[in-house]
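> What follows is a predicted structure for the sequence shown.
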Amino acid sequence: MEVSTTGDRVPVEAVELLEALLKGDDPVHRALRAQIPHLRVAGHCTCSCASIDLGLDETLTPAALIADDPVVAEAEVVDADGQPIGGVLVFAHAGYLSYLETYTWLDEQITQFPSPDRLR
């Protein structure tokens, strides 16, 4: 992970993806969704994938009461033909969103965040 010193806002595509992945009505997903407006990009993956480290001022929103598993949401990514090409994972640490990962099973990286309609 390459650390970003800019603290850029999270791209709209990543926000849409996070909202889709955390759409559940359970208390954990509601608490994590409340963190999304406060997120900043804390780093980028050093390969060409779209994965980003997430950071936020933890005083702005409460922590979610998550289990020991750091993966709080996941989905498979499909291509235009509906064929699986990889996936996305959302991680949290100490109750706060911390990482949005894209991965592929193909030779080429997923270099842009997939739209929610490409999730399964």
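Looks like it arrived, so ask away.

> switch to C-alpha atoms for all contacts and neighbour counts from now on
Noted.

> ok, the most far-flung residue of the chain relative to its centre to Arg118 distance?
Among residues of the chain, the one most distant from the C-alpha centroid is Asp81; the distance is 23.6 Å, by Cα atoms, centre = their mean. Applying Cα to Cα, to the nearest Å, the value for Asp81 to Arg118 is 10 Å.

> Next: Gly86.
Noted for Gly86: a distance of 11 Å to Arg118, by Cα to Cα.

> Overlap in contacts, those two.
Val77, Val78 (Cα atoms under 8 Å, 6 or more residues apart in numbering).

> Name the SS class of the residue farthest from the centre of the chain, please.
Following DSSP: H, G, I helix; E, B strand; the rest coil, we place Asp81 in the coil state.

> shouldn't Ser115 be in contact with Glu13?
Yes. Ser115 lies in contact with Glu13 (Cα atoms under 8 Å); the separation is 7.0 Å.

> what stretches of the protein score poorly on pLDDT?
1-6 (pLDDT under 70).

> tell me, what residue is most central in it?
Leu100 (2.8 Å).

> strand partners of the host helix or strand of that residue, parallel vs antiparallel please.
Assessed by DSSP states H and E, Leu100 sits inside strand 96-104. Each strand that pairs with strand 96-104, with its direction, by DSSP bridges: strand 52-55 (antiparallel), strand 84-93 (antiparallel).

> hey, where'd the helices end up in the chain?
Using DSSP state H, the helices of the chain run over 12-21, 27-35.

> between the first one and helix 27-35, how many degrees?
This means helix 12-21. Helix 12-21 and helix 27-35 are oriented at 160 degrees to each other (axes from the mean of the first three to the mean of the last three Cα atoms, to 10 degrees).
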